[in-house]
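Enquirer: mind looking at a prediction? Sequence and model below.
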Amino acid sequence: MQLFKHKTAKDQKLIIVEGEMDAMSVYECQPWPVVSIPNGAAAAKKAIQKNYEWINHYDKIVLFFDNDEAGQEAANQAASVLPPSKTFIGFLDEYKDASEALQAGDNEAVRQVLNFNHKQYQPDGIVDAKTLLELVTTPSPPSDHDYPFKGLNKLLHGIRYGELVTLTAGSGVGKSSILREICAYLLSKGERCGYLALEESNRRTALGLMSVAARKSLHLGEQQRGELTEIFDQTIANWNLHLFDGFGSYDPDHIYNRIEYMAAGLDTKVIFLDHLSILLSGLEGDERRMIDNTMTRLRSLVERTGITLFLVCHTTTPPNGQSHEEGGRVQLRSLRGSRSIGQLSDAVIALERDQQSGSERNATTVRVLKNRYSGEVGEACQLNYDLDTCKFNETAATAEFDATSDF
C-alpha cells in the first residue's frame, strides 16, 4: 500500500484510492491522509487485510475507488474486512476517478466526495427497519391460491408465493398423483407452472396432467389419437406450463439452473420438483450433508425468485412399527436423510395409506406436519382415489390434532 500522507494522530480521516495518481490528486484537492492500493482494484481486499492494523488506527475510512464496475465491486469487497461503523464508500458521478476530475479542473467534485458524498458501508443482509414502511403496510392476501382440497386450505390457509412446500410419503402411496392434482388445478386457474418429474418422461407427465383435467386415465390402455388431440387442445395447449426435458440427467447444478430460468426467464410462479432423492442420486458423499446443501440452495432459490416450490421427498424406513407403505404414521423425523428438509420447508404435508388393506386400500390420510404460516398441524382430510376418473374424493379428517405426536 503506497502511503502519500502519513499521520498517526487520532480523529483523522483516511482516504484509500486505487492508484498513486489518484492519491496525489486527492491530496492536491484536500491535504488529508491518503493512500493507494499497490496492485489495483483486484488486490484491494488483500492489501487492506495486510495493512489492517495500521488502517484501523483511523477513526474514519473513506474508500474512494474508480467509478466503474470493477471499482465498485472492489470497494464493497474491501469494505467487508473493515469495521462497518467507520467505513464509508464514495464515488464521483461525472468522472472515473480523482485524477480525471483534477485534470478537468473540477477540484470541487473531489472535495465533495471527501467531505459529503460518501455513504457508510452497510453489509449485505442488514436492513434499517425504518425503511420498511412501504413493505409492511402494503396489503397482501392470506394466500395466492387455494389447494384443491378443503382440508389443506383449512390448516394451511392456501398456497403462497415465496414458500417451499414438501410433500412426503412412503413409496407408491400417491405423492406424484397428489402433485399432479395440485398442478392441474393451478393450471386451470391460469397460473404459470413448471414441472420437473425426474423419474418419468415428459409423455408420462403430460398424460398424467391431462388425465387429471379430463378425469380419465389416459396413461392406461390404448387411447384414440383423435381423443388425445382433443383433450390436449383443451388443456396443455391452453396452459402456461413448462416441463423439464432431462429424464436421466440428474446433475443438480443443471437442475437448479433450469428452475431459476423457469422462475426468472419464463415468469413461472409455481414449480413442482419430483423428487429430492433422484436429484441427489448422481452425487457421491455423505447423504445428510448433500441434502443439507441441496435444501439450503433450494430455500435460497425460493427466497430469491419468489416462487412457490413443491418438493417431493421420500420417508425413511421406520426402526420399528408399521412401515409407511402399510399405513404407518409419518412424522417430521420420518423425512429421509436430514432434518434440514423439515427445518427449511414452510410446510410439510404427509400422506399415509395402507396399500394392502383390502377394500380400504385407496383411503389416504393427508396430514400437515409443519405449518410455518399459522402453526396449525394435524390430520387435514381423507382422500379416496378413483382410478377410472383420476379424481380424489375428499372426506373430513377423522382425528383432532394430538400435541404429543404431531410434531
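Expert: Thanks, I have it.
Enquirer: okay, now T138: neighbour count?
Expert: 7 (other CB atoms under 10 Å). For glycine as for every other residue, the C-beta is placed from the backbone atoms N, C-alpha and C.
Enquirer: swap that for E163, please
Expert: E163 - counted by other CB under 10 Å - has 21 other residues nearby.
Enquirer: pretty sure it sits against V302.
Expert: Yes - in this structure E163 lies within contact range of V302 using CB atoms under 8 Å: 7.0 Å.
Enquirer: common neighbours of those two, please.
Expert: 308-309 (CB atoms under 8 Å, 6 or more residues apart in numbering).
Enquirer: which residues in the stretch 201-350 of the chain form helices?
Expert: Assigned by DSSP state H, counting those that start in this stretch, the stretch 201-350 of the chain shows helices spanning 202-214, 225-234, 252-260, 276-280, 287-305, 340-344.
Enquirer: which of the ones you listed has the lowest mean pLDDT?
Expert: Lowest mean pLDDT within the helices of the stretch 201-350 of the chain: helix 276-280, at a mean of 77.
Enquirer: please compute how far it lies from its chain's middle.
Expert: For helix 276-280, the separation from the chain centroid amounts to 17 Å (computed by CA atoms, centre = their mean, to the nearest Å).
Enquirer: next one: stretch 203-210
Expert: 27 Å.
Enquirer: identify the residues contacting it?
Expert: 176-177, 180, 183-184, 187, 195, 197, 200, 218-219, 228, 231-232, 235-236, 241, 243.
Enquirer: ok, which of the helices of the stretch 201-350 of the chain comes nearest F116?
Expert: helix 287-305 (34.6 Å; CB to CB).
Enquirer: what's the closest one packed up against?
Expert: strand 164-169, helix 252-260, helix 276-280, strand 308-314, helix 340-344 (3 or more CB pairs under 8 Å, 6 or more residues apart in numbering; DSSP states H and E).
Enquirer: picking up where we left off before, mind putting the helices of the stretch 201-350 of the chain into CSV with distance to P33 and mean neighbour count?
Expert: As requested, the helices of the stretch 201-350 of the chain are exported to CSV (distance: least, CB to CB, whole Å; neighbours: other CB atoms under 10 Å):
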stretch, distance to P33, mean neighbour count
helix 202-214, 65, 20
helix 225-234, 73, 12
helix 252-260, 45, 16
helix 276-280, 54, 20
helix 287-305, 41, 17
helix 340-344, 48, 19
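Enquirer: after the helix or strand of the chain with the lowest mean pLDDT, next one along is what?
Expert: Sorting the helices and strands of the chain by mean pLDDT, DSSP states H and E puts strand 2-3 at the bottom, at a mean of 50. As assigned by DSSP states H and E, the chain's next helix or strand after strand 2-3 is strand 13-17.
Enquirer: what lines up beside that following strand in the sheet?
Expert: Neighbouring strands of strand 13-17 in its sheet, by DSSP bridges, are strand 34-36 (parallel), strand 60-64 (parallel).
Enquirer: send the alpha carbons of the last one over as PDB?
Expert: Coordinates of each C-alpha in strand 60-64 appear next as PDB, following Å, rounded to 0.1, in the frame of the first residue of the first chain:
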ATOM      1  CA  LYS A  60     -13.000   7.300   9.600                       C
ATOM      2  CA  ILE A  61     -12.000   5.400   6.500                       C
ATOM      3  CA  VAL A  62     -13.300   6.500   3.000                       C
ATOM      4  CA  LEU A  63     -12.900   4.200   0.100                       C
ATOM      5  CA  PHE A  64     -12.700   6.400  -3.000                       C
END
